[in-house]
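In: Quick one, structure for this:
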Amino acid sequence: MHKLIRKISAFFSHSGATLPDASSLTQPLVLQRDDHNISRSDIEKSALDVLYSLKRAGYDAYLVGGCVRDLLLGLEPKDFDVVTNAEPEQIKQVFRQRCRLIGRRFRLAHVTFGRVVIEVATFRANGEAQPASKKRFLGRKNAQQRQVDDSGRLLQDNLYGTIEEDAWRRDFTVNALYYSIHDFSIADYTHQGLQDIEKGLLRLIGDPETRYREDPVRLIRAVRFAAKLGFKIEPKTEKPIPLLAPLLRDVSNARMFEEVLKLFHSGVALEVFEKLRHYHLFEHLFPQTDALLAQEREQFPRMLVIEALKSTDARIQAGKTVNPSFLFAALLWESMLQRQQALLEQGMTPQDALFHAANQVIEQQISHTAIPKRFTLQIREIWAFQYRLPRRSGDRAQTLVEHPRFRAAYDFLGIRVAAGEETLAELFDWWTQYQEKSPVERVAFVSNLAPKPPQKARRNNRNFYRKRSQTSDKFDQS
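Out: Numbers count the residues shown, from 1 in each chain. Just a heads-up that it's a prediction; the model follows:
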């Protein structure tokens, strides 16, 4: 990392390059192969296959975006994106059955290699977008391919262009770097991306307010990248964030669900959470939770949320899998408890109160983030398990352990203890010990639980019916 920074610094010092403030430049700053640390051995084989296939078909092909940025920083990219001068239908002709065209707002190609998906986009033009409600068109084709609504949000952007234009359509300067498969160089058309990596700075390309209005998701992407990379947000990029936060309401709840997972499954979820609250973005993602954070009682629910995020970060950093349902269960737990208590006070049974409270809280959250049904079912199971875990006698303990949602429920119990619910510590310790024992030891361990008081009335009733049956038998035999 430090070696790369020295190379970039030396490059700018030697070339005398400056930071322009215009998108008219067409000649990029170029790092030749010997001036950067990216090797083809660091690139996903499937991505290389896509790059070389497009090259053989006569098209230009580049790695672009976060993968180039992360490779330069010595990080492992989560995915690899490719950009080319081939249009979507031409990309499909190259890869045929491997390729699937998706998207209406942004037309993209997904090229699949088993479970690996490489996203391929066509260079986009930097033309002027026209409001959909207006009829002033530069041309019928362009007007249909690129439109914004009256608030400035892009509705459609399928106007194709050159690599130079494409660079200025990217969001942040550090994401506008292109790795060429032709000569393995890195091109910086904004003349800012390489220096911003050197300075640890996150800067939007173009006018920040306009770019946020085009796509409000950039508001939370700025937070995610700043937390993940440890970068500072450039002042002009930072200033409009809290003012434009309400624009997130215009983003589809399906897209917001995917963005929330990226935010909190980034390995730095705790820092992301603090930044979201600082910039008043969290209230538009989880309004129920945010309302309760202002009414903390004995550190709840804030500490529960923090412990859940710390647990998630630890699992990701250890290379373990994470379940979205666990995250949503933690973020919405206190809201569910509050709703459940209100229903209990109305005379509802505990079981019905839990069922209806869970439904109401989840349905309200879905209007902001469209949680798939398989995860909402798991959220309900994790919550229900919190009331089942204390019941361990007989065969119940083993039955609970064998349930597919037990581990998530056990971990959830653990974060409740870590968040300050000390009365649950003994129960959590018991389940911890139970899982460590052999099947034979488990039977003995359960038998050592405090015995229940004898149910004399029930036994007397059973004896009564047994005697009555014997009397009846004697009468029949006689």
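In: Next one: residue 86 relative to residue 62, how far apart?
Out: In this view, residue 86 and residue 62 are 12 Å apart by C-beta to C-beta, to the nearest Å. (C-beta placed from N, C-alpha, C; glycine too.)
In: who's more crowded, those two?
Out: Between residue 86 and residue 62, residue 62 has the larger neighbour count (other C-beta atoms under 10 Å), namely 25 against 22.
In: how about that one, what does it touch?
Out: Residue 62 makes contacts with 51, 82, 83, 84, 163, 178, 179, 180, 181, 187, as judged by C-beta atoms under 8 Å, 6 or more residues apart in numbering.
In: so what's it bridging to?
Out: Taking DSSP bridges as the rule, residue 62 bridges to residue 83, residue 180.
In: Break down the stretch 51-200 of the chain into its strands, ranges please.
Out: Using DSSP state E, counting those that start in this stretch, the strands assigned to the stretch 51-200 of the chain run over residues 61-64, 81-84, 99-102, 108-113, 116-122, 130-131, 146-148, 154-157, 177-180, 186-188.
In: Please produce TSV containing those, extended by mean pLDDT and distance to residue 70.
Out: Listed next are the strands of the stretch 51-200 of the chain as TSV, based on pLDDT from 0 to 100; distance: least, C-beta to C-beta, whole Å:
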stretch	mean pLDDT	distance to residue 70
strand 61-64	96	11
strand 81-84	96	11
strand 99-102	93	24
strand 108-113	94	20
strand 116-122	95	15
strand 130-131	36	36
strand 146-148	52	30
strand 154-157	51	25
strand 177-180	96	11
strand 186-188	96	13
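In: Could you say which one of the ones you listed comes nearest to residue 394?
Out: Proximity to residue 394 (C-beta to C-beta) singles out strand 116-122 among the strands of the stretch 51-200 of the chain, at 47.4 Å.
In: what angle separates the closest one from strand 108-113?
Out: 150 degrees (axes from the mean of the first three to the mean of the last three C-alpha atoms, to 10 degrees).
In: Show me what counts as buried in strand 116-122.
Out: 118, 119, 120, 121, 122 (16 or more other C-beta atoms under 10 Å).
In: May I ask which two of those residues are separated the most?
Out: 118 and 122 (14.2 Å).
In: Next up, the contacts around residue 94.
Out: Residues in contact with residue 94, defined by C-beta under 8 Å, 6+ apart, are 53, 54, 57, 59, 86.
In: Go again with 6 Å.
Out: For residue 94, the contact set (C-beta atoms under 6 Å, 6 or more residues apart in numbering) comprises 53, 57.
In: Model confidence score at it, please.
Out: Residue 94 is assigned 95 on the pLDDT scale.
In: circling back: any chance of the contacts of residue 62 in CSV, plus distance to residue 247 and neighbour count?
Out: Formatted as CSV, the contacts of residue 62 follow (distance: C-beta to C-beta, whole Å; neighbours: other C-beta atoms under 10 Å):
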residue, distance to residue 247, neighbour count
51, 36, 25
82, 30, 25
83, 27, 23
84, 31, 25
163, 29, 20
178, 29, 24
179, 32, 26
180, 36, 18
181, 37, 19
187, 32, 22
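In: so which of these would you say is closest to residue 290?
Out: For those, the minimum distance to residue 290 (C-beta to C-beta) is 37.3 Å, reached by residue 83.
In: Was I right to think the closest one contacts residue 64?
Out: Yes - here residue 83 reaches residue 64: they are 4.5 Å apart, a contact under C-beta atoms under 6 Å.
In: Check which residues of stretch 364-377 are buried.
Out: Applying 16+ other C-beta under 10 Å to stretch 364-377 flags 365, 368, 369, 371, 375, 376 as buried.
In: Distance across that stretch, terminal residue to terminal residue?
Out: Stretch 364-377 has an end-to-end distance of 15 Å (C-alpha to C-alpha, to the nearest Å).
In: domain ranges for the chain?
Out: What automatic domain parsing lists as the domains of the chain is 2-125+160-199, 208-249, 285-447.
In: So which of these is nearest residue 279?
Out: Residue 279 lies closest to domain 208-249 among the domains of the chain, at 4.6 Å (C-beta to C-beta).
In: okay, which residue is most central for this protein?
Out: With distances taken as C-alpha atoms, centre = their mean, residue 261 lies nearest the centre of the chain, 1.3 Å away.
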